[in-house]
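Enquirer: Can you look at this prediction? I've put the sequence above it.
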Amino acid sequence: MADPIQVELVAADRVVWSGQASEVLARTVSGDLGILSRHAPLLSLLVPGVVEITPLDGDVVRAAVDEGFLSVADNRVSILSEDAFLASEIDAAAVKAELETAQKDEDEVAVRRAEAKLRLVDKSS
């Protein structure tokens, strides 16, 4: 087995998830990105979307993230986002209302953020 990756998923107000993983999937401004052990150093901008972390133990961890940064160096992945929510923390009804408001306000960033949360809820169902 390849060396595990140390992953830190951090929101502005808390550490959302931290641990060792075999793989991380995230969406950046350059497109979807998969990170495995010994990935080349990288710094990229995140876009609102779903991050998937495959921990060494347990089920895949899925989180909706806002804009932010993703950094890879020395077998460590740091995902820094203004907001990040695990699937278990999302209330689908509240997010649908958030999406409707964002659409009425023509707020594209808020629409993408709400759509990412809804995709996360759909994947977890």
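Expert: Alright, I've got the coordinates.
Enquirer: Geometric centre of the protein: which residue is closest?
Expert: Among the residues of the chain, V51 comes closest to the average C-alpha position under Cα atoms, centre = their mean, at 2.9 Å.
Enquirer: Wait, a strand at that one?
Expert: Yes. V51 sits within a strand when classified using DSSP: H, G, I helix; E, B strand; the rest coil.
Enquirer: residues in contact with it?
Expert: L9, V24, L25, A26, R27, R62, A63, A64, V65, I79, A84 (Cβ atoms under 8 Å, 6 or more residues apart in numbering). Every C-beta, even on glycine, is put in place using the N, C-alpha and C of the backbone.
Enquirer: Could you dump the residues you listed into JSON lines with neighbour count added?
Expert: Formatted as JSON lines, the contacts of V51 follow (neighbours: other Cβ atoms under 10 Å):
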{"residue": "L9", "neighbour count": "26"}
{"residue": "V24", "neighbour count": "22"}
{"residue": "L25", "neighbour count": "16"}
{"residue": "A26", "neighbour count": "24"}
{"residue": "R27", "neighbour count": "18"}
{"residue": "R62", "neighbour count": "20"}
{"residue": "A63", "neighbour count": "27"}
{"residue": "A64", "neighbour count": "26"}
{"residue": "V65", "neighbour count": "28"}
{"residue": "I79", "neighbour count": "25"}
{"residue": "A84", "neighbour count": "24"}
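Enquirer: Restricted to strands, list these.
Expert: L9, V24, L25, A26, R27, R62, A63, A64, V65, I79, A84 (DSSP state E).
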